[in-house]
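Asks: this is a predicted model, with the sequence first.
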Amino acid sequence: MTKADIVQKIASETGLDKKDVQKIVELFMYEVKDALKNGENVYLRGFGTFAVKKRAKKVARNISKNETVIVPERYIPAFKPSKMFAELVKNNLKP
């Protein structure tokens, strides 16, 4: 499912204009990205949590050049589904 599919489905179910729905979806995504960029987590009850996770520094290997590379610590975005959401997917149930 793409962003366009989501916009189409929301527009058809709510009767709102597709341009308005697209703007809302894009603003939602912008706000989530902005919060994560600022180190804040986003909690959506019944859906899940968008969070910033810290990856530790590690030693890796470049096989083609046969050398050791140090990968510095970094922060990455992560999503953890709610328990209810995870169970729906796990049991292959449709809401």
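Replies: Received it, and whenever you're ready, just let me know what you need.
Asks: which SSE is the spatially most central residue of the chain in?
Replies: Nearest to the geometric centre of the chain sits F79, at 5.2 Å (Cα atoms, centre = their mean). Using DSSP states H and E, F79 sits in strand 74-81.
Asks: same check, this time on T68
Replies: strand 67-71.
Asks: one more: A51?
Replies: Counting by DSSP H and E, A51 is part of strand 48-55.
Asks: now that strand, how far from the centre of its chain.
Replies: 9 Å (Cα atoms, centre = their mean, to the nearest Å).
Asks: with just CA atoms, put it into PDB.
Replies: The C-alpha trace of strand 48-55 is given here as PDB (Å, rounded to 0.1, in the frame of the first residue of the first chain):
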ATOM      1  CA  GLY A  48       2.500   1.900  18.200                       C
ATOM      2  CA  THR A  49       5.500   4.100  19.000                       C
ATOM      3  CA  PHE A  50       7.900   5.900  16.700                       C
ATOM      4  CA  ALA A  51      11.100   6.200  18.700                       C
ATOM      5  CA  VAL A  52      14.700   7.100  18.300                       C
ATOM      6  CA  LYS A  53      17.100   4.300  19.100                       C
ATOM      7  CA  LYS A  54      20.900   4.600  19.700                       C
ATOM      8  CA  ARG A  55      23.100   2.100  17.800                       C
END
